[in-house]
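Asks: this is the structure alone, sequence omitted:
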C-alpha cells in the first residue's frame, strides 16, 4: 500500500480502500468508508521529482475553488498538501453517458442542463476570471494544438488505422489551428464530454477540469455536441447550443475583451416613440376645473416632396420630433412598400 494512502486512512479515520479506474493522468483514486459521509474518495496526486515539478495538485485545488460558487464540481472534504492528497465527496458511478444509455428518453432534459453548464463556462466564469491566473495565462495556442494533433496522428491514424493522415488534412488542420488561436478568449473546460459529467440526483457535476485554459467559445460546445461516446439527436443537439446572447456576452470589443450584454430594446411598432419622462410640476398646483393654459404653437412641418404617402409623412414627422425633443434611442421607421 502507498504510504500516503495509509497516512490518509489513519488521519481521517477511513477504512476499506478500494482502487478505482483513474483518468488519463497519473492520479490514483480509492473509494473508502467514511465515518460520517458513508463513502468518499481519496485522490493521490503525483509528487515532485528531481527532474520535474508537478503542480497538478495545487492547480486542481485552485480551479475547484474558482468553479465551485457557479459550477457544480466535487466538494473537497479535506486535504494534505505535503502528501498531495485530497479527500473528496463520492459522486457515485453514474456518468451522463451511463444515464443516457439507461434512460434515453431523458436525453433532451439532460441536454438542456448541459447547455446551461456551457453557458456558465462561456459567460460568468469567463467574465469573472482574473487575467493573471494560471488557467487564463495558458491557452489553446499553436504548440497546444500541435500536441493534440500529434496525439491524434499517433493513436488514431498510425496505431488504429495503420496509415498516415492525408496531406490535405494536415494543411486544413494548420489553417483551423491558426483561426482558433485568434479566438482563445473564453474559459474552456477542455475535456467536456459525457464521461466527464457525473449525474448526482437531478444535477450534473463537472469533473476532470484540471487542464482548463483560454480557448474559443465553441470548443467545449463542439466537444460535447460531437461527443465520441454519445450521438445526440438533432433536438438534443439544439438544446446544447445556447441561443445568441444567453451566455451574457456580446461580440468582443476593440480591446479583445468580452463585453457584458446590454439589455435589448423592446420591439416597437412603426413610428412608435417612447415618450420622454415628464418633469415634475413647479409652482402652485392648479385648482381642479381651472382652465388649462393654451399649448405653445408648433411650427408647421416643412412641405414634403410630392408623391409621399400620408403614413410616410407621419413617420417622418415623428422622427423629426424625436430628434428635436432629445429622445435618446434610435427608432426604426417602417414604410409600407409601394
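Replies: Nice, I can see it. Since the structure is predicted, the reported quantities are computational estimates derived from the model, not experimental observations.
Asks: I'd say residue 183 and residue 216 touch.
Replies: Yes. Contact criterion C-beta atoms under 8 Å: residue 183 and residue 216 qualify, at 4.2 Å. To be clear about C-beta, it is placed using only N, CA and C from the backbone, and glycine gets the same treatment.
Asks: which one of the two is surrounded by more residues?
Replies: residue 216 (20 against 16; other C-beta atoms under 10 Å).
Asks: in stretch 65-80, what counts as buried?
Replies: For stretch 65-80, burial by neighbour count (16 or more other C-beta atoms under 10 Å) applies to 66-67, 71-74, 76-77, 80.
Asks: and if you look at stretch 121-130?
Replies: So, applying 16+ other C-beta under 10 Å, buried residues of stretch 121-130: 121-127, 129.
Asks: any low-confidence regions in this protein?
Replies: Along the chain, segments meeting pLDDT under 70 span 22-25, 242-338.
Asks: what about the helices in it?
Replies: 3-11, 56-67, 96-102, 107-122, 124-127, 134-137, 142-152, 167-181, 219-225, 234-240, 310-325 (DSSP state H).
Asks: ok, for residue 207, nearest residue in space, not its chain neighbours?
Replies: residue 196 (5.4 Å; C-beta to C-beta, 6 or more residues apart in numbering).
Asks: for residue 217, same thing?
Replies: residue 186 (4.4 Å).
Asks: give the contact list for the one you found.
Replies: Each residue near residue 186 by C-beta atoms under 8 Å, 6 or more residues apart in numbering is listed here: 121-122, 126, 214-217, 219, 258.
Asks: I'd guessed residue 107 sits against residue 97; true?
Replies: No. Using C-beta under 8 Å, residue 107 is not in contact with residue 97, being 11.5 Å away.
Asks: identify all contacting residues around stretch 94-114.
Replies: By C-beta under 8 Å, 6+ apart, the residues outside stretch 94-114 that reach it are 194-200, 203-204, 224, 229-230, 232-233, 235-237, 239-240.
Asks: and the contacts of residue 186 as CSV, adding distance to residue 148?
Replies: Compiled in CSV, those are given as follows (distance: C-beta to C-beta, whole Å):
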residue, distance to residue 148
121, 19
122, 20
126, 21
214, 15
215, 11
216, 13
217, 18
219, 11
258, 24
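Asks: pipe the helices of the chain into a markdown table and attach distance to residue 40 per row.
Replies: Formatted as a markdown table, those follow (distance: least, C-beta to C-beta, whole Å):
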| stretch | distance to residue 40 |
| --- | --- |
| helix 3-11 | 10 |
| helix 56-67 | 15 |
| helix 96-102 | 21 |
| helix 107-122 | 24 |
| helix 124-127 | 27 |
| helix 134-137 | 26 |
| helix 142-152 | 33 |
| helix 167-181 | 39 |
| helix 219-225 | 28 |
| helix 234-240 | 32 |
| helix 310-325 | 65 |
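Asks: for residue 27, find the nearest of those.
Replies: Nearest to residue 27 among those is helix 56-67 (7.4 Å), distances taken as C-beta to C-beta.
Asks: on that earlier part again, which one of the helices of the chain lies nearest to residue 26?
Replies: helix 56-67 (8.0 Å).
Asks: so what's residue 39 closest to, chain neighbours aside?
Replies: Of all residues not flanking residue 39 in the chain, residue 90 sits nearest, at 4.4 Å (C-beta to C-beta, 6+ apart).
Asks: quick one: contacts for the one you found?
Replies: 31, 37-41.
Asks: report the separation between it and residue 26.
Replies: 21 Å (C-beta to C-beta, to the nearest Å).
Asks: likewise residue 104?
Replies: 35 Å.
Asks: count of residues packed around residue 4?
Replies: The burial count for residue 4: 18, using other C-beta under 10 Å.
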